[in-house]
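>>> Next input, structure requested:
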Amino acid sequence: MDEYAVKMLPFQLRAIQKDWLAVSSTGDHVFLSEDQAKSLAQGHVSELPLLLQADLKAGFFTTSCAPSGSSRLLASRKAARRETLSSGPSLHIFVPTLQCAHSCQYCQVSRSLTDTKHTISHSALLAACDGVFESEAQALTIEFQGGDPLLRFDLVKSAITHIQERNRAEKRHIRFVIASTLHQLNSEMCDFLAQHGVYLSTSIDGPAHLHNRNRPIPGRNSYERTVAGIELARNRLGREFVSALMTTTKASLADPEAIVDEYVKLGFGEIFIRPLSSYGFAKRNQSLLGYRPEQFYGFYARALNRVLHWNAQGVELREVYASIILNKILSPFDAGYVDLQSPTGAGQSVLVYNYDGYVYPSDEARMLAETGDVSLRLGPIGSSLATLRQSPVHQQLIASSLVDEMDDCRNCAYQNFCAPNPVDAQAQFESMDIPALRTEHCQRHLWLFDYFFSALKHAEPDRLDLFHAWARPVADSEIMQCGE
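Residues are numbered from 1 along each chain as shown. This is a model prediction of the structure:
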C-alpha cells in the first residue's frame, strides 16, 4: 500500500456569496475558490496547493490510506462535540408560579399578583428538588422561571434550602439562577441570595420608552423599577451576579443601535439579540408584534455592528448569539446550547418542573402548554428520570431531531453545528415531523452560519481575535429567559 495515498473522508460544500466553504465530519472548515471546490468534490486533491492539502488532512477531509491512529483521533473529535448530551440533564428549570405584575404582549403568564391557581404545590416542589439529583451530571444549574419567581420567594427559598441540604451528601457543583423583573427585590432577599451565591437574570429591551412599551405595568415605570433592582443587586451581590437579555419585537426594529447603547450605558458585558419566539401570546399577537425573518436579519446585522463598534472603542461587550454560533464553528468543544443539539437537548440536557405538576423537556415546551398544547409533557413531577426518558414524547423528540435521519439536514454543510428543533416545529406547525427547511429555526440558523462564516473569511486580525474570544463557552447550556 502506498503510504502517501490519500483517502477522501465525508465532507459538505456550501456556496456563500462568492466564497466556497467546505466542512468536514468533525466540523473543521476551509475556504475555497470555485475551482478548488470543484477539484475537492471530484476527489482530485493532488491538484490543490500543497498548503491546502495539508489543511485538508489536518481538518479530516482526507486521510492516509496507510494504517494509523487517525481513525481514533477522528472518533474522539466527533465525540467531543456531543459530550454535553452524554452527561445527563444539567439545566433544571423550576417554574414556581406564573404570577406577574407585567402585561407583556409576547408573554404567556398569568397577569395577576394574587392568583394562586398557577402556583406549584409544596410537595411537587420538593419532589422536583429531589428529582434533580437523579441526573448523572456533576455540574447542575437550577434556574427559577415564571411569571416572576420573586413574587413567591418563599417557594424559591424552600427549594434552594432543600437542594443545598441534600447536596451536602451528593456533593454536586450547583449554580442557582433566578430570572425576574427584579421589581420585588429587597435587602432581605439579597441577604439570602448572597448567602447562597444566587445569580439574577433580568430583561432590558432597550431604552426606557421601548422597554416600557414592550413590558408595561400600571404606572408605566417598568424600566425605572428594573434598573433600580439591577443597582440594588449589583451593590449587594456584585456586578457579576446580574445579567440581562432582550427580546426583539416589531417596535425594536427601528433602532438596534439604541438598544445596544442602552446595554453599554447600564454597564453590561453581554447582550443577547434574540428574535421573538412563536409561543404564548406572542403567537396570538403576530400582527402586532411579529415581523418577517428578513427583518430580523437586518436588525441583527446592525445591532452586531454596533456591538463591534463599541469593542473597537475599548468597551468589552459580547453578543451572546454570536458567541453561540462562533463556539459551534471555532471550538472543538460544544457549549451545549440546547436548541442546536442533535439529538435535541430538550429533555436530555434540560428539564422543566412546571407549576402545573408536570415535567417538560424545555422552557418553550411548557409555554406551549399555556396556550392549550400539552402534547410535550414528559410526565408528572416525581416520575423517575428513567421513566421520563422512556416516555413516548421523549422518544419522539429524539427521533425528530436526528440530523442523519433528516433529508434537509444530512446533506447540509452545517449539520455538525445545527439541528432540527422539534419543539419549535410543534409550536409553528403543531407537529414535530416537519421538514427542517420549512421552519423559522432552520431558516434563521442557515442565515446566521452563512453570516458568521463570511465574517470569519473576511475578518481583519483584531476582529478574528475577538471572534475567537467570543467562541469560548458561555456560562450556561441555555440562555436564561424572563417572562417569555
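>>> elements contacting the longest helix anywhere in the chain?
The single longest helix within the chain, with elements called by DSSP state H, is helix 293-312. Here helix 293-312 touches helix 256-265, strand 273-274, strand 318-319, helix 320-330, helix 440-457, helix 461-470, going by 3 or more C-beta pairs under 8 Å, 6 or more residues apart in numbering; DSSP states H and E. To be clear about C-beta, it is placed using only N, CA and C from the backbone, and glycine gets the same treatment.
>>> Residues touching it, excluding its own?
Helix 293-312 is contacted from outside by 248, 252-253, 256-257, 259-261, 264, 271, 273, 275, 317-319, 321-322, 440, 443-444, 447-448, 451, 462-463, 466, using C-beta atoms under 8 Å, 6 or more residues apart in numbering.
>>> run the last query once more with 6 Å
Helix 293-312 has contacts (C-beta atoms under 6 Å, 6 or more residues apart in numbering) with Leu253, Pro256, Glu257, Val260, Val264, Ile273, Pro275, Leu317, Glu319, Gln443, Trp447, Leu466.
>>> Among these, which one lies nearest to Gly59?
Leu466 (22.9 Å; C-beta to C-beta).
>>> mean confidence for stretch 222-242?
Mean pLDDT, computed over stretch 222-242, is 97.
>>> rewinding a little: mind putting the helices and strands packed on helix 293-312 into JSON lines with mean pLDDT?
Shown next, in JSON lines, are the helices and strands packed on helix 293-312 (pLDDT from 0 to 100):
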{"stretch": "helix 256-265", "mean pLDDT": "98"}
{"stretch": "strand 273-274", "mean pLDDT": "94"}
{"stretch": "strand 318-319", "mean pLDDT": "98"}
{"stretch": "helix 320-330", "mean pLDDT": "96"}
{"stretch": "helix 440-457", "mean pLDDT": "97"}
{"stretch": "helix 461-470", "mean pLDDT": "97"}
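>>> could these go into JSON lines alongside mean neighbour count and distance to Ile160?
Below are these laid out as JSON lines (neighbours: other C-beta atoms under 10 Å; distance: least, C-beta to C-beta, whole Å):
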{"stretch": "helix 256-265", "mean neighbour count": "19", "distance to Ile160": "29"}
{"stretch": "strand 273-274", "mean neighbour count": "21", "distance to Ile160": "27"}
{"stretch": "strand 318-319", "mean neighbour count": "20", "distance to Ile160": "28"}
{"stretch": "helix 320-330", "mean neighbour count": "21", "distance to Ile160": "26"}
{"stretch": "helix 440-457", "mean neighbour count": "19", "distance to Ile160": "33"}
{"stretch": "helix 461-470", "mean neighbour count": "14", "distance to Ile160": "32"}
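>>> just for the stretch 351-484 of the chain, where's the confidence low?
474-484 (pLDDT under 70).
>>> Show me the two of the contacts of helix 293-312 that sit farthest apart.
Maximum pairwise distance among the contacts of helix 293-312 (C-beta to C-beta): 30.3 Å, between Val264 and Gln443.
>>> What segments of the stretch 351-484 of the chain are strands?
Counting by DSSP state E, counting those that start in this stretch, the stretch 351-484 of the chain has strands at residues 358-360, 379-380.
>>> that older thread, and the longest helix of the chain, how far out from the chain middle?
Distance of helix 293-312 from its chain centroid, counting by C-alpha atoms, centre = their mean, to the nearest Å, is 18 Å.
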